[in-house]
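**Student:** Predicted model follows, preceded by the sequence.
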Amino acid sequence: MSEIAWEITSLSELGTFSRGKSKHRPRNDVKLFEGGKYPLVQTGDVKAANLYITKNDSYYNDFGLKQSKLWPAGTLCITIAANIAETAILSYPMCFPDSIVGFNANPEKSSELFVYYFFEYIKKEIQKSASGSIQDNINIDYLSKMRIKVPEKVYQDKIVDLLSSIDKKILLNNQINQELESMAKTLYDYWFVQFDFPDQNGKPYKSSGGKMVYHPELKREIPEGWGVDSLWNIANFYNGLAMQKYRPDTNEDDYLPVIKIREMMNGFSKDSEKARLDIPTEAVVESGDILFSWSATLEVIIWGKERGALNQHIFKVTSDTYPKSFIYFELKSYLKVFKAIAELRKTTMGHITQDHLKQAKIVVPPIEIISKIDAQLQHIMSQKQILENQNQELTQLRDLLLPMLMNGQVKVE
């Protein structure tokens, strides 16, 4: 392969920067959002995205759009306040506030994807240079004048093709996992929410006239012979530890990566903290364990990655009586209630307490009925786990290749 030509240039030579718009104050004025139809992306959405922004929670109406702007699909979003130097690409037209800068590449010189990977490469340096102020931030002038070393456009595209092929496989696995989760949830709801589990004749219980009895505590009917209990009673909730107390020595090669809420949702990265191997056994998380983040961000997942150390604000949930699938879906079903409770407690940092778990009453089927569906649910969830393990390996490969490709240490043929 012939020698690749690299040159030092400013980012503004590769495309156009434009700052987001959100002129109206207060920013959360309901007049901006009532009947909204124009997607609005926030810095948190950019940080949570994996390459592409595929969802948003807020929508401007016509009045909201007048004080903002709709950027086209394909625009690279770069956060310049709060979450510094986080990047993702719009998958459909969206508005964004002035805490985000949009970048549109000159197609003859670069691409939004290449600049995305460039920012992934130097993100930590930017965040470090921006730290120290009351609120860490950078500005559009800083970005425009940034000098970088880039290869010719044809070779940029080769780098992008390699890295994006890995990211697209990760995205595909995530989509498959969402479908698998939906399949399992539909099956679970059919049995334990609609109460149409197979009766003795193999027919759907409630739809076929199975006997229902009124339960005064729940104020609704449940199948005859079923019980009611609390989430606290059917499972064990082990809270993680402050892992900064268990940091390994700098020369210690053996350690466990720490699972904070970020890792719980996105997996490990090279920036994940480390813990010694001698942490309490209960704080060790294995692939297949149920994790429940109970403070600020409320989510329930089945951990599908390598062994880790459980940080505080996350429960590891086990049960001595019931299968994992039952515990997992009962917790997932109760999340809406927990989030409503946390929302009411926002001024004191919304979180879930032991009392909330004790008050969370659920319908408990006979164990033999739970066991019948467990095998089907476990099969679906094991397929999810395989794909999550694959994604962890793909992420590690991408993170290994990224710096070597961006600094020319490794070449793409």
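**Tutor:** Sure, I can see it.
**Student:** which residue ranges form the strands in the stretch 1-150 of the chain?
**Tutor:** For the stretch 1-150 of the chain, the strands defined by DSSP state E, counting those that start in this stretch occupy 6-10, 15-19, 38-40, 52-53, 58-60, 76-79, 87-90, 100-105, 147-151.
**Student:** got the angle for the last one vs strand 6-10?
**Tutor:** So the one you mean is strand 147-151. Here the directions of strand 147-151 and strand 6-10 differ by 150 degrees (axes from the mean of the first three to the mean of the last three C-alpha atoms, to 10 degrees).
**Student:** so what strands line up beside strand 147-151?
**Tutor:** According to DSSP bridges, strand 147-151 has the following sheet partners: strand 6-10 (antiparallel).
**Student:** Now tell me what touches the partner strand from outside.
**Tutor:** Under the criterion C-beta atoms under 8 Å, 6 or more residues apart in numbering, residues 144-152, 408 lie in contact with strand 6-10. For glycine as for every other residue, the C-beta is placed from the backbone atoms N, C-alpha and C.
**Student:** ok, of these, which come out buried?
**Tutor:** If you count burial by 16 or more other C-beta atoms under 10 Å, the buried members of the contacts of strand 6-10 come out as 146, 148, 150-151.
**Student:** Might you report the residue contacts of residue 98?
**Tutor:** Counted by C-beta under 8 Å, 6+ apart, residue 98 has contacts 19-22.
**Student:** okay, it: pLDDT?
**Tutor:** The confidence metric pLDDT takes the value 94 at residue 98.
**Student:** Could you tell me how far it is located from residue 375?
**Tutor:** Look at residue 98 and residue 375: by C-beta to C-beta, to the nearest Å, they are 53 Å apart.
**Student:** for residue 342, same thing?
**Tutor:** Residue 342 is 34 Å from residue 375, by C-beta to C-beta.
**Student:** Equivalent analysis for residue 257, please.
**Tutor:** Residue 257 is 32 Å from residue 375, by C-beta to C-beta.
**Student:** Who has more neighbours out of these two?
**Tutor:** Taking neighbours as other C-beta atoms under 10 Å, residue 257 and residue 375 compare with residue 257 leading, 21 against 10.
**Student:** The nearest residue to residue 329 once chain neighbours are set aside: what secondary structure?
**Tutor:** Leaving aside its chain neighbours, residue 329 sits nearest to residue 188 (4.6 Å; criterion: C-beta to C-beta, 6 or more residues apart in numbering). With DSSP: H, G, I helix; E, B strand; the rest coil as the basis, residue 188 sits in helix.
**Student:** now do residue 214
**Tutor:** Once three-state DSSP is applied, residue 214 turns out strand.
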